[in-house]
Each structure stands twice: as C-alpha cells, then as structure tokens.
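**Q** The sequence and its predicted three-dimensional model are supplied below.
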Amino acid sequence: MSAQYAVHGEVAVISLDNPPVNGLGLSTRLAIADGVQKALSDPAVNAIVLTGQGRAFSGGADIREFGTPKATQEPHLSSVISLIENCTKPVVAAVHSIAMGGGLELALGCHYRVAAPGADIALPEVKLGILPGAGGTQRLPRVLGVEPALNMIVSGEPVKSEKLAALPGQKLFDKMAASAASLLDEAIAFARGISAIRPLPRVRDLPCSHPQGDAYFQFARNMIAGVSKNYPAPLKCLEAVQAATTNKFDDGMRVEREGFLSLVTTPESKALRHMFFAQRAASKIDDVPADTPKREIKTVAVIGAGTMGGGISMNFLNAGIPVRILETKQEALDKGLATIQKNYQAQVKKGKLKEEVFQQRMSLLTPTLSYEDIKDVDLVIEAVFEEIGVKELVFKKLDEVMRPGAILASNTSTLDVNAIAHFTKRPQDVVGMHFFSPANVMKLLEVVRGAATAKDVMATVMDVAKRIKKTAVVSGVCDGFIGNRMIEQYVRQAGFLIEEGCTPQQVDKAIEKFGFAMGPFRMGDLAGNDIGWAIRKRRYLEKPHMKYSKIADLLCEQGRYGQKVGKGWYDYLDGKRDAIPNKDVEAMIVKYRADAGITARKISDEEIVQRLVFSMVNEAAHILEEGIAARASDIDIVYTTGYGFPVYRGGPMLYADQFGLFNVVQAMNRFAQNPYDDGQFWQPAPLLARLVADGKSFN
C-alpha cells in the first residue's frame, strides 16, 4: 500500500508513502480510504492525522498514471475528499514541504489543518491549461478570501505556508507548527485537543462572498483577459471562483467540473501537458542511468568576457558558484566586467535584486589574463569567436594546463564538437554547452554529446544545468545541432517568401500572429545579419547545391547588420527596439525581383506560416532519423524555450501532430511544385513519410 497506518494512543496517523512527492495515484487513494475506514472501525481511535512521508505532504496527481486507466479509476480524489469530509471522527492534515494541486485539495477536505513553516502551497493546474478538479476553486476562497485565492489559482504560483497563515481572517491553517521536525507531534497533540468537538467543521460549509461582487469579478476578468489571451484556463478559473460566491457548494462544484472537462480537451491544455512531460523526459539520457556518478563542480572558468562569456558567467554567479573569467587583453576584460556589473545594477535598480546579493555575486568573480589562474577549476567553458581556428588554439592550451578530470566545454553554436575534442588528448572530457543569447536570461542549454564524451561528463553537465536553472536538451554532433540546424531552413524560407512577393514586415506579422515571439527578419536584426551572412558564405563553399535567396547578402553588403548598427531589415532609433520599415530595403527587394525575372504574387498568411513551420518540421524529422535528437518532444523543448515558438502550441512537432502529418505532407508536396522554392528540400524526410504511411505521429 502507498500509505502507512499507525495508532498513537487515541490518534490514528495515516502517512502517505508514494515517493518522490506522495502523488495521489490509485494505490495512494485506496490506502487513504482504507486507513480512514480502519480508524472509524476502531473504538479506541478518536481522531485521525493525515500527513506525508519524506519530502512532501503531497504534490497532487501522480504524473506516472496520466493517460492510464488508473487515473480515472474510483475512488477519484473527489471521492476520497468526500469520505474524509463526512468522516464522523475529526481528520487533521499535517502539512509540510509541498502541498500542491490535489495535495492541497486533500488538505482542504480535512476538518483541520496544522502546517509547518516553509511549505510550498499551490494550485498549479493552470500551468497545465486546466483548473483544479477536486474542489480547489470552491474551497480555497472559503478559507483564504476570494482575492488571495483567485490570485493563487490564476497564477498557479506557490506561496509559503507562513505567508498564508499571516493573512487576516484566513481559515486555511488552524495552527502553525514550530518546525517541520515537530509537526507530527504537534498535529497529534492538536488532534487530541479537538477530538471531542462537534459538529465537525467542514470548509464546504463556510460562507464565500466578495463585498464588491460583480464589479470585482468584471475588473478581474479584464485584467486576466489582458494577460492570458492565448490561454483559456485562467478565465475558466475565474468563472469557477465566481461560482463559489454565487452558488451553493454542490452547484459550484458542478461549474468547476464542467470547466475542467471543457479545458482538458483544448489544444492549449494538450500542448501545456505535453511540455510538462517533455521537460521531464529531456533530462533523461537513455544510456546514462540516473545513478551515474557525477564529477564535483565547485569552481568554473569562462574563456572570453564578451556578451556570451559575461552572460554565461552570471548563471554560475547567480547559483553561488565561483567563476574565473579569462581574456587575452585587459581592455576586453574590463569591458566584460563592466557589462556584468551593469546587468546586475539594472536588476538592483528595478528592485529585483538586493544590493548585498549583487555585491556577494560580484565577490565570486575573479578576472584574469592568465591560463595559469584557471588550471585547477572543475569546469571550463570556452566562449570565444565562432571560428574553428580560434577554438583550436583555446582547446590546445586548455589541454596543456587544465588538471586531469576537469570538464572542457565549448559554447559553439554550429561547429563540430568532435573536431574540437580532438584538439585535445582527452576527448572524453570535452562536451558542447551551447547557451542562448542573452545567456543570463534564456532558459535553453543544448548539451552537445561528442562521440567520445564520457557518460559521467554528460550526467555532470545535466546536473549543472539544473543548478543554474537551465532547461537542458541533449544533441548529437551535426552542423547547427538541433536548434540552429532547423532555424536555417526557417530563415531560408523567409528569404524565398520575400523574393516571391512578401515584405519583411508581412512575414514577421504573420508568424508573430501565429504566436512566435519574433518574426525571422526582426530576429535577424536582433542577432546580427552579419552572423547569418558568415554562415551562408561557408555554405556556398561546403554545399554549393543548396539554394538561398541572395537578398540577405545584398542587405549585408550595404552594412545593414541589424540593431547593433541601427539598421537592418528595419531601421532602429537610438536605445529603442521598435522595428521601423525602410523604403530603401523595400526598393532593393523590388529591384532584385525585377533583375531575377520574378513577378511578385500575393501570398497568404497561411502559406507564410506553413512554409516557415513545416520547413522546421521536415528538418527535425531528419534530425530524429539521424539520432541527433533522442525524441520529438526534445525538439519541442528546444523551440519553446530557445526560439520563441508559442508554448500554447506545444512546439513544432506537437503542432505538426495536431495539424495531422498527412496534411503536413500534402502541403509540402504543394510547396515542392513552386519553381522559386527548393523543391528538393520539400521531399518528406524518410521518418515523416513512414509515420504518414503507418498513420502515426511524432509524439
């Protein structure tokens, strides 16, 4: 059974025991019900304490049962809560560490609640595109008040138990324990003290109202609608909470249930649940077991104090890990340190960082011009210019000076990690750690596994990613890895689209309306158009058969490199990021078409979106086939966390699945007929063709 039962004098203790977070799977629900029945049938027992073993009271639904018959098998969580609520002996929840989702709903079904300080309390269902389904929207407003409850339910964010206990008029916690260590003893003593009190208090019987009623909910509705336009769940949460204030409890429960059922089938909820599981799957490497020994990482060195090197350093400083930052010239080192300082000071100014924390982080940073000063660190990350000759010099030097067992990582975004590893006599210690710019902000980290990279290096780097709060995805070695290899096809299509009749702003607007954070031309201006130009020049030599629009080259020949010079596909005013269309750029595109004999045609937003997205999907299918990515969901994580793909669509692979892979291939066949596009590219990747033939999907 997934719960333990013990009797302490007149008090029975039911302890959930389903590691790691006491998820409320079928066996746990049965065990709770069994424990309650046992206590009811024992005349010596006058009260019951319900708690959780280990590091949680309960984290809610057991995600291992999602999508299986067990998830919907009786007793449902609502049935267990009903059993507790109607129990003739008082039930006291002893809450510690984590009480989230169904775990909090379970505690709300108990007659009393005693909490340890420091516990994270939340109803996070909105983050999965759904709402609490076991009475959370009806009970939490009754114990906390409507406004704090609605804020918690709509945000899904955890709040510390002591903060909730301090709210005026709260009835969530009847007592705060002195500590987590004394919680159980205090809960048992509390249960003894209230064992004779009747009638038993039930949260469902408490009144629920808001003094401003409809006016407050209209205000809240306007606020929520403004920030959640692509997500239906927050407004449904509001409807359910409002129902708690206007309906009898059971009628409010019906509104909650109907809201839950209507949300669970939406594409947005499917996408958010997909991302939830994808994130967990991405951290697992099939041939690197969870118990693989990890190397100790206490100190880090970063080679290069430019934009990337500075951003990478900040991640480690934020996590309290000392960093030595190395440059070849004092001027470059000073400039890099000044940028790091400026970034932190901006956070202090906005009130996001305390002055003493800023000072403490800067104290962990040691600048140096000498490789001698970094020879004993545990992990060194190279962040120098993206050119193989420069990388070779750095890695030969690192091989010479670094202690045995140190991990040597490259921040390369496209270059061959195997070639870089073979600049050393220790290729097993070399790995790619591709951070995304700005590195101190972007969540994604591509961990590039070389042919010789040791398993313990992979386990260590994945663990380091967690410590610095990055979402790590493993990639094999190929040009551009997962993200940049796919984005190249996206950018190529954008080039063909403007050749054929679009303006840069039409392409950007269409894909931004689809949900991307930024269209391809605004993205190019932000990243620097000269970077793409350098890659194309390399391509013209390495892959002369590959077709590109030459308009981007003409743009770069005019020095229009993007935001950093105030002009690219668009113009930019000093200190502002607003993209202003430029007439000369439009004239250049028109002239190019005329010189190439292309008659401009009207292109629909639908075609723009499909060509941009499906080009990535087809390239991703090749990436999966080649084993560069382990699973389709890893690719979705890369795109939602690193490239601005809309999270509510679940990434390119899930979007393709929901669009229907048969329909994707039909669209690709149409694009292949376009004489101005690259017909060869639009041949479906073998994996994609197989999935369509078998009626299967990527995920």
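**A** Ah, there it is.

**Q** Now for the closest residue to Ala620 other than its chain neighbours: which residues touch it?
**A** In this structure, Ala620 finds its nearest non-sequential neighbour in Ile635, 4.9 Å apart by CB to CB, 6 or more residues apart in numbering. C-betas here are computed from N, CA, C, even on glycine. Going by CB atoms under 8 Å, 6 or more residues apart in numbering, Ile635 touches Ile482, Met486, Ala620, Ile623, Leu624, Ala629, Gly651, Pro652, Met653.

**Q** the helices in the stretch 401-550 of the chain, which residues?
**A** 417-421, 455-467, 483-500, 504-514, 520-527, 529-542 (DSSP state H, counting those that start in this stretch).

**Q** Can I get the lowest-mean-pLDDT helix or strand in the chain as CSV, trimmed to CA atoms?
**A** Ranked by mean pLDDT, DSSP states H and E, the weakest helix or strand in the chain is helix 529-542, scoring a mean of 88. C-alpha atoms of helix 529-542 as CSV (Å, rounded to 0.1, in the frame of the first residue of the first chain):
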residue,chain,number,x,y,z
ASN,A,529,22.6,39.8,-40.0
ASP,A,530,26.4,39.5,-40.5
ILE,A,531,26.3,36.3,-38.4
GLY,A,532,23.9,34.6,-41.0
TRP,A,533,26.0,36.1,-43.8
ALA,A,534,29.1,34.4,-42.4
ILE,A,535,27.3,31.1,-42.3
ARG,A,536,26.0,31.5,-45.8
LYS,A,537,29.5,32.2,-47.1
ARG,A,538,30.6,29.0,-45.5
ARG,A,539,27.6,27.2,-47.1
TYR,A,540,28.4,28.5,-50.6
LEU,A,541,31.7,26.6,-50.4
GLU,A,542,30.6,23.5,-48.5
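
**Q** Buried residues, the very next helix or strand once past that helix. List them.
**A** Moving toward the C-terminus from helix 529-542, the next helix or strand (DSSP states H and E) is helix 551-557. In terms of neighbour count (16 or more other CB atoms under 10 Å), helix 551-557 has its buried residues at Ile551, Ala552, Asp553, Leu555, Cys556.

**Q** Please state the offset of helix 551-557 from the chain centre?
**A** Put simply, helix 551-557 sits 35 Å off its chain's centre (CA atoms, centre = their mean, to the nearest Å).

**Q** Stretch 389-398 too?
**A** Mean C-alpha position of stretch 389-398 versus that of the full chain (CA atoms, centre = their mean) differs by 34 Å.

**Q** In that stretch, which of the residues would be classed as buried?
**A** Within stretch 389-398, the residues that count as buried by 16+ other CB under 10 Å are Lys391, Val394, Phe395, Leu398.

**Q** now swap in stretch 230-248 and tell me
**A** In stretch 230-248, counting by 16+ other CB under 10 Å, buried: 231-245.

**Q** can you redo the buried residues of helix 551-557 as a markdown table with pLDDT and distance to Leu106?
**A** A markdown table is the format used below for the buried residues of helix 551-557 (pLDDT from 0 to 100; distance: CB to CB, whole Å):
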| residue | pLDDT | distance to Leu106 |
| --- | --- | --- |
| Ile551 | 96 | 60 |
| Ala552 | 96 | 57 |
| Asp553 | 95 | 62 |
| Leu555 | 96 | 60 |
| Cys556 | 96 | 61 |
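
**Q** Of the residues you listed, which is the nearest to Met100?
**A** The nearest member of these to Met100, counting by CB to CB, is Ala552 at 48.1 Å.

**Q** quick one, what contacts the spatially closest residue to the closest one that is not a sequence neighbour?
**A** Spatial nearest neighbour of Ala552, excluding adjacent residues (CB to CB, 6+ apart): Gly495 at 5.9 Å. If you count contacts by CB under 8 Å, 6+ apart, Gly495 has them with Tyr548, Ser549, Ile551, Ala552.

**Q** Roughly how far does Gly495 sit from Ser549?
**A** Distance of Gly495 to Ser549, given as CB to CB, to the nearest Å: 3 Å.

**Q** Gly129 against Met275, yeah?
**A** No - under the criterion of CB atoms under 8 Å, Gly129 makes no contact with Met275, lying 9.6 Å away.

**Q** Next, the buried residues of stretch 342-353.
**A** Asn343, Tyr344, Leu353.

**Q** meant to ask about stretch 29-49
**A** For stretch 29-49, using 16+ other CB under 10 Å, the buried residues are 29-33, 35-36, 39, 45-49.

**Q** quick one: which of these is nearest Leu444?
**A** The closest of the buried residues of stretch 29-49, once distances to Leu444 are taken by CB to CB, is Arg29, at 37.1 Å.

**Q** Work out for me the element that closest one sits within.
**A** Going by DSSP H and E, Arg29 is part of helix 26-40.

**Q** Run the chain-centre distance for that helix.
**A** 36 Å.

**Q** Would you mind giving the buried residues of stretch 29-49 as CSV with pLDDT and distance to Gly405 added?
**A** Listed next are those as CSV, based on pLDDT from 0 to 100; distance: CB to CB, whole Å:
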residue, pLDDT, distance to Gly405
Arg29, 97, 48
Leu30, 97, 49
Ala31, 97, 46
Ile32, 98, 48
Ala33, 97, 53
Gly35, 97, 50
Val36, 98, 54
Ala39, 98, 55
Val45, 97, 58
Asn46, 97, 60
Ala47, 98, 57
Ile48, 98, 54
Val49, 98, 49
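
**Q** what's the domain layout of this structure?
**A** Domain ranges of the chain: 3-263, 300-475, 483-694, per automatic domain parsing.

**Q** I'd like those written out as JSON lines, with distance to Val288 added.
**A** Output for the domains of the chain, formatted as JSON lines (distance: least, CB to CB, whole Å):
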{"stretch": "domain 3-263", "distance to Val288": "20"}
{"stretch": "domain 300-475", "distance to Val288": "5"}
{"stretch": "domain 483-694", "distance to Val288": "11"}
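
**Q** Leaving out the residues flanking it, which one is nearest to Arg257?
**A** Per CB to CB, 6+ apart, closest to Arg257 is Gly133, 6.8 Å.
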